[in-house]
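In: what shape does this take:
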Amino acid sequence: MMKSVIFLFALLSSAAAFSVQDSNSNTRRNFLTTLTTGASAAAAAAVIAPTIANAGPEILKLDSGIKYAITKPSEKGKIPLQGDLVLIEYTGYLTNGQIFDATHGEGKKNGVLFKLGSTAVIPGLNEVVANMRVGEKVQAIIPPSLAFADDGICLENGECLIKPGSTLVYDVLLKKTSIPPP
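Out: Next up is the predicted model:
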């Protein structure tokens, strides 16, 4: 619909700009009017079109308060079940954008393998992965209650890598899932 409106506006502006005129009206003023009308149509189309093309991904919300967006979909990937072994790659960020952990940073080439539903990762990561398909990548916002809560990750001297009560952001890629051995 919006593209049709933009096209129609540009077409009408172009038609007005290139209309046939008698030889007495070919003045500099007419030329400039024609030029600015065409430029206005092009500028309007350039301003309106990017807002349509740059629409972000849909933000999904789980009952627990986790918000996430699928940044790389996977239609055919398998969905893991509680108790399955899963392999993920992730980057963890503070809300200010500072990375606090990653599985694929310099010198790291391994993902994290864990049993879905276990305490090997924070509860928020368990819940996010349980809602993913293999091959899917998401960006999730995890509230403090499903991350490190009021404890944070602090050293004995009081310095904290993750302050108590911090909301965390994770980019997560679910690489594999499998049934655990008996």
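
In: so residue 126 sits in a helix?
Out: Yes: counting by DSSP: H, G, I helix; E, B strand; the rest coil, residue 126 is located in a helix.

In: show me the contacts for it.
Out: 116-118 (C-beta atoms under 8 Å, 6 or more residues apart in numbering). C-beta coordinates here come from the backbone N, C-alpha and C atoms, glycine included.

In: where do the strands sit along this protein?
Out: Here the chain has its strands, by DSSP state E, at 59-61, 67-72, 85-94, 99-102, 112-115, 137-142, 153-154, 160-162, 168-178.

In: I'd like the contacts of residue 126 laid out as CSV, including pLDDT.
Out: Below are the contacts of residue 126 laid out as CSV (pLDDT from 0 to 100):
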residue, pLDDT
116, 97
117, 96
118, 96
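
In: and those, which of them are buried?
Out: Using 16 or more other C-beta atoms under 10 Å as the burial test, these include 116-117 as buried.

In: for the contacts of residue 126, give me a markdown table that also has distance to residue 161.
Out: Output for the contacts of residue 126, formatted as a markdown table (distance: C-beta to C-beta, whole Å):
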| residue | distance to residue 161 |
| --- | --- |
| 116 | 25 |
| 117 | 26 |
| 118 | 22 |
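
In: and the contacts of residue 126, which is closest to residue 172?
Out: When the contacts of residue 126 are ranked by distance to residue 172 (C-beta to C-beta), residue 116 comes first, at 12.7 Å.

In: any chance you could map the helices in this protein?
Out: Assigned by DSSP state H, the helices in the chain fall at 2-17, 28-53, 123-130.

In: isn't residue 99 up against residue 162?
Out: No: at 11.5 Å, residue 99 does not count as touching residue 162 under the criterion of C-beta atoms under 8 Å.

In: show me which of these two is the more surrounded one.
Out: Higher neighbour count among residue 99 and residue 162: residue 162, with 19 against 12, using other C-beta atoms under 10 Å.

In: measure that one to residue 89 for me?
Out: Noted for residue 162: a distance of 20 Å to residue 89, by C-beta to C-beta, to the nearest Å.
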